[in-house]
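Engineer: Take this sequence and fold it.
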Amino acid sequence: MSAARHVLALPDLGLPDRQLVASVWLVRRGSEVTEGDRLLEVLAGEVTVDLSAPASGVLTQKLVRDDEPIVVGQPLGVIEERSPLTP
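Structural biologist: The predicted structure follows:
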């Protein structure tokens, strides 16, 4: 059985139409994260918003780099849940 994959996508933040930037990743690829952990800071003008992990698991992919422009709905990273150990 394969592990569940969760894509971290940029939600509509309800901010005025500004250029959005993936400011800085707060965790490294390969790090274990818990649902709700802060993963990425997004900059919208002078406003900084933290994006949180949608699920617990391992951050296996970062699909954007620090300081890269991003748009609503864009996939930003992938978290894979750990598979339960089988005897």
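
Engineer: which residues touch Leu39?
Structural biologist: Counting by C-beta atoms under 8 Å, 6 or more residues apart in numbering, Leu39 makes contact with 8, 25-27, 33, 50-53, 59, 77. From N, CA and C alone the C-beta is placed, and that goes for glycine too.

Engineer: Sorry, wrong one. I was asking about Leu13.
Structural biologist: Residues in contact with Leu13 (C-beta under 8 Å, 6+ apart) are 20, 42, 44, 49, 72.

Engineer: repeat for Val47
Structural biologist: Going by C-beta under 8 Å, 6+ apart, Val47 touches Leu15.

Engineer: cutoff 10 Å now
Structural biologist: Val47 makes contact with 13, 15-16, 18, 20 under the criterion C-beta atoms under 10 Å, 6 or more residues apart in numbering.

Engineer: Repeat that for Ala44.
Structural biologist: Counting by C-beta under 10 Å, 6+ apart, Ala44 has contacts 13, 15-21, 23.

Engineer: which of those are buried?
Structural biologist: Using 16 or more other C-beta atoms under 10 Å as the burial test, the contacts of Ala44 include 20-21, 23 as buried.

Engineer: quick one: which of the residues you listed sit in strands?
Structural biologist: 20-21, 23 (DSSP state E).

Engineer: shaky segments in this structure?
Structural biologist: 1-2, 17, 83-87 (pLDDT under 70).

Engineer: go with 90
Structural biologist: 1-3, 13-19, 44-47, 82-87 (pLDDT under 90).
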